[in-house]
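1. would you be able to build a 3D model of this:
(one chain, ligands or ions: 1)
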Amino acid sequence: MSKLTPRATDTRALDPSPAVTAASRYACCKEGLPVPTALITGITGQDGSYLAEHLLANGYNVYGLIRGQNNPKRQVVEATLPDVEIEMGDLLDETSLISVVQKVQPDEVYNLAAISFVPLSWNQPELTGEITGLGVLRLLEAIRIVTAASPSRSASGKGIKFYQASSSEMFGKVTETPQNEETRFRPRSPYGVAKVYGHYITVNYRESYGIFACSGILFNHESPRRGPEFVTRKITQGAVRIKLGKQQELLLGNLDSERDWGFAGDYTRAMYMMLQHPEADDYVIGSGECHKISEFAELAFRHLGLDWRDYVRSDPKFIRPAEVEHLCADATKAHQKLGWQPTVDFKGLVEMMVESDLKAESQLYP
Ligand code: GDP
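-> Numbers count the residues shown, from 1 in each chain. Presented below is the predicted three-dimensional model:
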């Protein structure tokens, strides 16, 4: 990464998220009802920040789990989400998870933590399996053990609800399109394989122990807070830097793979809705529209008055050992059962990200 490349979090003030203040938090709470408590793993990521804001705006006490001593991301969370309480813990360490769940006594646990960058999962497949796969088991075990020790301690008295961040990468080499909750999994990376384990162990703990556990099979979701290693942000940041004369070309990998992209703020709202439904279940969340990587690039460059074909090249070093060629969601169940609908379409998403990067690059490095 170049020294001038801003971090995803630098654009925090520039995207359309709700302003959350302590006053707005408590104003939403109905008088006399206990304040619900949520624990989020992966609080330092894109989804953790949007979900925390949504929960705070709905009157929750929010705790975020952070791993590692002197984790530099802790300061970012403290600065951008001052109402979130930080707890130390690690998905590799069962004891730490039990003690955090015991201490926080959450009503809802959202497991968003993972090794989430697909190419990294080929370099560190074992760590990916440990965190993205077995980490889910450890968290479910913590919930099972703490609930057995104090079954009525949560604010609702109904035990601890659990959300697992499952992924469309589980569909991999798709066997049908669009993909729904019944579509067979055929993962294509160590990341996808680990997510399949996380999904099935969530279903298993629901069926074995009656834990209110939901698995959200989310298709790609992006925002100005997306890390610059993911293709959407890499494109919007690159296009802006080319427009401003700070970069000459943009090297990408496979331009023909197709993804179903949505706005992360819409997708974290779906997570919350799953845990508010009376019945625990699994849901596909996506837009139902699929676009090639080249289409994303075309739109981003066009928004800046540029022709993407003059600047984008495919470089073999970004081609993956096995590719997921096509993903497209059938989110009918979420529309019908949860009443969930996205608010940002493909064009709106691309333009939001380009505009945010334009402001960030112009302000930070004029
Ligand atoms: P993923 O769907 O979770 O793997 O999200 P990514 O944003 O990392 O990748 C989406 C698609 O973009 C994949 O098919 C990649 O092969 C493709 N792609 C093409 N060029 C690039 C690139 O330079 N970086 C990344 N991350 N992906 C790329």
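
2. only C-alpha atoms for contact and neighbour calcs from this point on.
-> Will do.

3. how near is the nearest residue to residue 194 once chain neighbours are set aside to residue 284?
-> In space, and not counting its chain neighbours, residue 194 is closest to residue 133: 4.4 Å by Cα to Cα, 6 or more residues apart in numbering. The spacing between residue 133 and residue 284, counted by Cα to Cα, to the nearest Å, is 19 Å.

4. kindly report the same for residue 94.
-> 29 Å.

5. what segments of the stretch 101-250 of the chain are helices?
-> Under the criterion DSSP state H, counting those that start in this stretch, the stretch 101-250 of the chain carries helices at the ranges 118-123, 125-128, 135-149, 190-209, 231-243.

6. show residues contacting the fourth one.
-> This points to helix 190-209. For helix 190-209, the surrounding residues in contact (Cα atoms under 8 Å, 6 or more residues apart in numbering) are 115-118, 121-122, 125, 128-129, 132-134, 136-137, 140, 144, 164, 166-167, 169-170, 172, 185, 187, 211-215.

7. what angle separates that helix from helix 135-149?
-> Interaxial angle of helix 190-209 relative to helix 135-149 (axes from the mean of the first three to the mean of the last three Cα atoms, to 10 degrees): 20 degrees.

8. for helix 190-209, buried residues please.
-> Residues 190-203, 205-206 are the ones in helix 190-209 that count as buried (16 or more other Cα atoms under 10 Å).

9. hmm, that helix touching the ligand?
-> No: contact of helix 190-209 with the ligand (Cα under 6 Å from any ligand atom) is absent, the minimum separation being 9.1 Å.

10. got the contact list for the residue most central in space within the chain?
-> Taking Cα atoms, centre = their mean, the centroid of the chain lies closest to residue 47, which sits 3.8 Å from it. Applying Cα under 8 Å, 6+ apart, one finds that residue 47 lies in contact with 112, 264-265, 268.

11. need the per-residue pLDDT for it.
-> Among the per-residue scores, residue 47 shows a pLDDT of 98.

12. sec struct for it, please.
-> helix (DSSP: H, G, I helix; E, B strand; the rest coil).

13. what about residue 169, neighbour count?
-> 25 (other Cα atoms under 10 Å).

14. contacts only, for it.
-> 187-188, 191-192, 195, 219, 324.

15. out of the residues you listed, which comes closest to residue 87?
-> Set against residue 87, the nearest of those by Cα to Cα is residue 195 (24.4 Å).

16. mind checking how far the closest one is from residue 52?
-> 22 Å.

17. for residue 269, same thing?
-> Relative to residue 52, and taking Cα to Cα, residue 269 is found at 10 Å.

18. for residue 128, same thing?
-> Relative to residue 52, residue 128 is positioned 25 Å away (Cα to Cα).

19. is the ligand contacted by stretch 221-238?
-> Yes: in terms of Cα under 6 Å from any ligand atom, part of stretch 221-238 sits within range of the ligand, namely 229-232.

20. near the ligand, which residues of the stretch 101-250 of the chain are found?
-> Going by Cα under 6 Å from any ligand atom, the residues of the stretch 101-250 of the chain near the ligand are 118, 229-232.

21. how about the stretch 251-366 of the chain?
-> Counting by Cα under 6 Å from any ligand atom, the stretch 251-366 of the chain sits next to the ligand at 252-255, 257, 293, 318, 324.

22. can I have the buried ones of the residues you listed as a PyMOL selection?
-> Buried residues among these (16+ other Cα under 10 Å), as a PyMOL selection:
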select buried, resi 252+253+254+255+257+293+324
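
23. now do the helices in the stretch 251-366 of the chain.
-> In the stretch 251-366 of the chain, the helices defined using DSSP H, counting those that start in this stretch lie at 264-276, 293-303, 332-333, 346-364.

24. quick one: average confidence on the first one?
-> In this model, helix 264-276 has a mean pLDDT of 98.

25. oh, and call the first residue 771 from now on, that's how I've got it
-> Yes, from this point I'll number from 771; that puts the last item at helix 1034-1046.

26. quick one: list the elements packing against it.
-> When contacts are defined as 3 or more Cα pairs under 8 Å, 6 or more residues apart in numbering; DSSP states H and E, helix 1034-1046 sits against helix 816-827, strand 931-937, strand 983-988, strand 991-992.

27. any idea how far apart the tips of stretch 1023-1036 sit?
-> Start-to-end, stretch 1023-1036 (Cα to Cα) is 28 Å.

28. which residues touch it?
-> Residues outside stretch 1023-1036 that contact it (Cα under 8 Å, 6+ apart) are 787, 816-817, 820-821, 989-993, 1056-1064, 1084-1089, 1093-1099, 1111-1116, 1119.

29. residue of the stretch 771-920 of the chain nearest the ligand, please.
-> residue 888 (5.0 Å; Cα to the nearest ligand atom).

30. after the helix or strand bottoming out on mean pLDDT in the chain comes which helix or strand?
-> Ranked by mean pLDDT, DSSP states H and E, the weakest helix or strand in the chain is helix 792-798, scoring a mean of 48. Per DSSP states H and E, the first helix or strand lying C-terminal to helix 792-798 is strand 807-811.
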